[in-house]
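Participant: predicted model follows, preceded by the sequence.
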Amino acid sequence: MLTLKGQELVYNTTLMLVKSIDLSSNFLEGEIPEEIGSLILLGTLNLWRNQLTGKFPSEVGNMHGLETLDLSNNRLSGQIPETLASLTFLAHLNLASNNLVGRIPSGNQLQTFTDLSIYMGNLSLCGVPLPRKCPEDDTFTATNAKPSNEDGSDKSWFYVSMVLGFVVGFWGVFGTLLVKKSWRTGISDSIPEESLLKLSSQLENLDLSYNHFRGHIPQSLSSLTFLSHLNLSYNNLVGRIPLGSQLQTLSDSSIYMDNPSLCGVPLPKCLGDDTFTATNAKHSNEDGNDNGALWFYVSMILGFIIGFWGVCGTLLLKKS
């Protein structure tokens with residue numbers, strides 16, 4: 001029954017066919033009737049800005065075709081009913097400025113509403129998407145965490161020991177590599193002259209930088225007549241740079257950078273005996289590499305043993 005301009009109108013069968021109700025900005029009082037759930041074809045319900053009180057009727061969950069629901073700016077109290085999560089077509093929701101309390105129901109459709117303003121003014125609401133956790137969340141977590149910790153104590157010890165063992169073993173090897181610069185690269189021999197001879201005479205680019213090549217630059221390098229880009233920097237090369245019409249065109253001294261025992265064009269002139277310098281540099285580098293290799297294997301073995309027993313030793317001590 002609806003009273004309109006002093007006339008009482010009764011709708012019996014046609015009311016269920018209503019698709020939209022907008023009674024916003026009135027002075028409606030009282031509770032939302034439970035019978036509203038019978039409006040199964042209703043698509044829009046707007047009761048914004050009234051003075052409605054009482055609980056949020058759970059029967060709203062029966063209105064499966066509802067797309068828009070606005071109950072904001074009223075005085076509704078109690079919890080949001082779980083049945084609201086069953087409204088799969090709900091696209092617009094506003095429950096702001098009420099006295100609703102408790103956890104916001106979870107549901108596939110409700111999780112799409114990430115705008116916090118639709119729950120604004122309900123100071124006792126909690127749960128996603130609001131930043132306030134519900135008090136029972138902490139209790140639930142603590143209650144379930146206790147038996148979980150008891151059951152998983154062995155797993156915790158296993159993972160902790162595994163991580164510690166890995167870290168110690170890893171840094172036992174690679175930490176030493178970081179300390180000793182000469183171990184960071186793998187090529188540490190002289191530039192093979194035989195290989196250069198086999199290279200095509202049409203080679204245009206050759207980059208052997210950032211290695212540990214030692215000894216003289218082979219004279220055969222000057223036979224690469226098409227060579228236009230060369231980089232031998234950051235090695236341990238010694239002696240005179242070979243002469244050749246093509247090599248003399250590479251006037252950028254940076255291509256020989258960090259080879260302190262190199263000399264000749266485009267670097268400063270050679271002052272001493274090239275053979276003597278090269279021989280002593282060779283022996284010095286060989287001795288350093290032998291010591292480096294020894295320390296490398298020692299640190300690798302120690303790192304493996306510590307890392308291995310960090311895991312297995314703990315498992316053996318903790319028999320359970």
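Facilitator: Structure received. Numbers count the residues shown, from 1 in each chain.
Participant: let's verify K269: helix, strand, or coil?
Facilitator: Assigned by DSSP: H, G, I helix; E, B strand; the rest coil, the conformation of K269 is coil.
Participant: just read off the phi/psi values of it.
Facilitator: Backbone dihedrals for K269, given as degrees, to the nearest 10, come out at phi -60, psi 150.
Participant: next, the contact list for the residue nearest to it when sequence neighbours are not counted, please.
Facilitator: Leaving aside its chain neighbours, K269 sits nearest to C263 (6.4 Å; criterion: CB to CB, 6 or more residues apart in numbering). To be clear about C-beta, it is placed using only N, CA and C from the backbone, and glycine gets the same treatment. Counting by CB atoms under 8 Å, 6 or more residues apart in numbering, C263 touches G239, R240, I241, K269, C270, L271, D274.
Participant: so how far is R214 from C263?
Facilitator: 15 Å (CB to CB, to the nearest Å).
Participant: so for stretch 122-133, what gets flagged as buried?
Facilitator: N122, L125, C126, G127 (16 or more other CB atoms under 10 Å).
Participant: what sits closest to the first one if chain neighbours are left out?
Facilitator: To tie it back to what came earlier, the one meant is N122. L100 (4.4 Å).
Participant: ok but the one you found is inside a strand, no?
Facilitator: Yes: judged by three-state DSSP, L100 forms part of a strand.
Participant: hang on, isn't it packed against L123?
Facilitator: No: judged on CB atoms under 8 Å, L100 makes no contact with L123 at a distance of 9.4 Å.
Participant: wait, what's in contact with the nearest residue to S20 once chain neighbours are set aside?
Facilitator: Nearest residue to S20 in three dimensions, chain neighbours excluded: T44, at 4.2 Å (CB to CB, 6+ apart). By CB under 8 Å, 6+ apart, the contact set of T44 is K19, S20, I21, D22, L66, E67, T68.
Participant: report the buried members of the residues you listed.
Facilitator: Buried among the contacts of T44 by 16+ other CB under 10 Å: L66, E67, T68.
Participant: where does the last one fall, phi/psi-wise?
Facilitator: Which is T68. The phi and psi values for T68, taken as degrees, to the nearest 10, are phi -130, psi 130.
Participant: so it sits against L47, correct?
Facilitator: No: using CB under 8 Å, T68 is not in contact with L47; the gap is 11.3 Å.
Participant: follow-up on the earlier one: let me have the contacts of C263 in JSON lines, extended by neighbour count and distance to L224.
Facilitator: Output for the contacts of C263, formatted as JSON lines (neighbours: other CB atoms under 10 Å; distance: CB to CB, whole Å):
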{"residue": "G239", "neighbour count": "21", "distance to L224": "19"}
{"residue": "R240", "neighbour count": "18", "distance to L224": "18"}
{"residue": "I241", "neighbour count": "24", "distance to L224": "14"}
{"residue": "K269", "neighbour count": "8", "distance to L224": "24"}
{"residue": "C270", "neighbour count": "15", "distance to L224": "22"}
{"residue": "L271", "neighbour count": "8", "distance to L224": "28"}
{"residue": "D274", "neighbour count": "16", "distance to L224": "22"}
